[in-house]
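Visitor: for reference, the sequence and a predicted model appear below.
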Amino acid sequence: MVSRKLESAINDQINAELWSAYLYLSMSAHFANKGLPGFANWFKVQFHEEQDHALKFMNYLISKGNKIELQPIKEVDTSWNSLLKAFEVTLHHERVVTSLINELVSIARSENDYASENMLQWFVSEQVEEEETAQSMIDALKLIGDNGFGVYTMDKELGQRKYTPLNTSTTTSGSE
């Protein structure tokens with residue numbers, strides 16, 4: 001079992017991951033309504049990935065004999081003034097998630113819970129990727145500016161992104 005303190009923090013993280021999924025689903029719906037199916041697709045893939053992250057945490061707690069305590073998901077925004085603003089919100093949010101993951105690692109380390117720290121390293125690496133991706137989207141959108149053809153081209157490119165389900169099992173090495 002993991003300690004009660006870490007169990008509680010992971011349950012909070014499950015809520016944060018599900019809130020993230022809800023946020024990205026809202027962004028997907030917003031951009032679908034704006035006639036940007038590629039951007040909608042990109043955010044829908046993010047939605048699925050965040051759900052997978054929540055399941056990975058849940059399965060870990062279950063495997064350790066701990067209790068899952070699902071909490072209400074807070075309301076999310078439903079519209080954004082621009083693509084750039086949506087990705088700025090995304091980057092800010094991913095930085096918050098990174099700080100939450102780092103706090104989980106700190107708790108695991110302070111408790112000498114090496115198994116939990118090992119499991120959390122996958123999330124540490126994932127957050128580096130998430131922040132880098134959001135920043136690259138911001139950089140691209142800043143280069144495009146108000147160029148409609150650039151937005152059209154980027155939308156077409158993002159429409160090609162495919163969701164690859166994450167192995168949320170706790171019996172793998174974590175290299176999904």
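Guide: Cool, got the structure.

Visitor: okay, and the residue most central in space within the chain sits in which element?
Guide: Nearest to the geometric centre of the chain sits E50, at 4.3 Å (Cα atoms, centre = their mean). Using DSSP states H and E, E50 sits in helix 37-63.

Visitor: which other helices and strands does the very next helix or strand once past that helix contact?
Guide: Using DSSP H and E, the helix or strand that follows helix 37-63 in sequence is helix 83-110. On a contact count with 3 or more Cβ pairs under 8 Å, 6 or more residues apart in numbering; DSSP states H and E, helix 83-110 meets helix 4-33, helix 37-63, helix 114-144. Any C-beta I mention is one placed from the backbone N, CA and C, and that applies to glycine too.

Visitor: D77 is nearest to which of the ones you listed?
Guide: helix 4-33 (6.6 Å; Cβ to Cβ).

Visitor: and the closest one, what's buried?
Guide: Across helix 4-33, burial judged by 16 or more other Cβ atoms under 10 Å covers 6-7, 9-31.

Visitor: how far off centre is it?
Guide: 7 Å (Cα atoms, centre = their mean, to the nearest Å).

Visitor: cool, and stretch 53-66?
Guide: On Cα atoms, centre = their mean, the centre of stretch 53-66 falls 17 Å from that of its chain.

Visitor: just stretch 32-51 next, same as before
Guide: The answer for stretch 32-51 is 13 Å, by Cα atoms, centre = their mean.

Visitor: what sits up against it?
Guide: 17-18, 20-22, 24-25, 27-31, 83, 86, 90, 151, 154-163, 165-166 (Cβ atoms under 8 Å, 6 or more residues apart in numbering).

Visitor: for this structure, which spans come out with low pLDDT?
Guide: 170-176 (pLDDT under 70).

Visitor: and the closest residue to T78 other than its chain neighbours, what is it in contact with?
Guide: Ranked by Cβ to Cβ, 6 or more residues apart in numbering and with sequence neighbours excluded, the top spatial neighbour of T78 is S26, at 5.3 Å. For S26, the contact set (Cβ under 8 Å, 6+ apart) comprises V76, D77, T78.

Visitor: could you measure from S26 over to Q127?
Guide: Noted for S26: a distance of 21 Å to Q127, by Cβ to Cβ, to the nearest Å.

Visitor: repeat for L100
Guide: For L100 relative to Q127 (Cβ to Cβ), the value is 9 Å.
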